[in-house]
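> Sharing a sequence plus its predicted fold:
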Amino acid sequence: VFEGLFLIENSADSTDSILVTIAGVEITISPGEAFEANPRALKEIALLRLEPYADESKQVSHAVRGISKILDSKLWLDGSHLHPKKGDEVFDQERRRVIRELLHALRDTEKGKKDALSPEAAQAAMVTINYLVQADRLLALIKIGEVRASLTLDDVETRVEKELAKAEEELAKGDVDRDSGAPDKAVQHYGKSWRHAVRAMDHYVRAMDHDAKEGNGRDKDEHDDAREGNGRDRDEDDDAREGNSKDKDEHDDDD
């Protein structure tokens, strides 16, 4: 069970590749390369773990196709971040078309039905569910952490704090469901947690933009005041020069 990210690097000075086995999936890391277990990578491992058993039942086949769809690059910014406007689809599709399908297949297997999974396929299905759930938790946790890291003592914004509180509440609910054997409900809560964290970041960015615009407005007003002050100084200088000129003319007339 992954509670955080990890990175495996193979030195560029090495002459040998590193073979790592994660959840029964062999990963080769060539010299100078690295493997980062970010959320997207965990989902890719889950797919590789399940694919060999796609022909054992229609549920497993549907789940394999579902994981492939949620790995679509259009839904992701990078390995640890979903697209802010499309990321909800990852949680929703995974819950309905992957995890529920696998839970169905596992229940049929427990009941000894005709299309029951082999022990190896059942184990792969359980590992896949676990990896997907933990990846979703990481997606929410990473986003919450990024918002928290952006805030300073002077940046307290009511809407940001409210959304963060909701994000952390949903994360906790997801943990309860995960630990009680309800992975589909856990994913639903992790998705809500991620969405609240995204909204918190949106509120924060808008607040910062508003403050920046107000600051620019104050700077412009100060600049205008300074120019107006300089204009008054020039007028006073012109008046002074005009007064000196009159004094000179009167002196010449006296002569």
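Alright, I've got the coordinates.
> okay, CA-based contacts and neighbour counts for the rest of this
Fine.
> In the stretch 151-255 of the chain, where is pLDDT below threshold?
152-157, 209-255 (pLDDT under 70).
> so how far is the one helix or strand N130 maps to from its chain's centroid?
Assigned by DSSP states H and E, N130 falls within helix 119-150. Distance, stretch centre to chain centre, for helix 119-150: 13 Å (C-alpha atoms, centre = their mean, to the nearest Å).
> Quick one: mean pLDDT for it?
For helix 119-150, the mean pLDDT works out to 94.
> need the next SSE after that helix, C-terminal direction.
Following helix 119-150 toward the C-terminus (DSSP H and E): helix 158-179.
> rewinding a little: for the helix holding N130, packing partners?
Applying 3 or more C-alpha pairs under 8 Å, 6 or more residues apart in numbering; DSSP states H and E, we find helix 119-150 packed against helix 39-50, strand 81-82, helix 100-110, helix 158-179, helix 183-254.
> redo that, cut-off 7 Å
helix 39-50, helix 183-254 (3 or more C-alpha pairs under 7 Å, 6 or more residues apart in numbering; DSSP states H and E).
> buried residues in it?
Buried positions in helix 119-150, judged by neighbour count with 16 or more other C-alpha atoms under 10 Å: 121-122, 124-144, 147-148.
> So what would you say the end-to-end distance of stretch 148-159 is?
For stretch 148-159, the first-to-last residue distance is 13 Å (C-alpha to C-alpha, to the nearest Å).
> can you check stretch 102-118 too?
13 Å.
> One more: stretch 68-88?
Stretch 68-88 end-to-end distance (C-alpha to C-alpha) = 16 Å.
> Can you give the distance of that stretch from its chain's centre?
With C-alpha atoms, centre = their mean, you get 10 Å for stretch 68-88.
> Give me the residues contacting it.
Residues from elsewhere that reach stretch 68-88, judged by C-alpha atoms under 7 Å, 6 or more residues apart in numbering: N38, P39, R40, A41, V90, L139, G191, V198.
> how about a cut-off of 10 Å?
5, 36-44, 47, 62-63, 89-94, 97-98, 135-136, 138-140, 142-143, 188, 191-192, 194-195, 198-199, 202 (C-alpha atoms under 10 Å, 6 or more residues apart in numbering).
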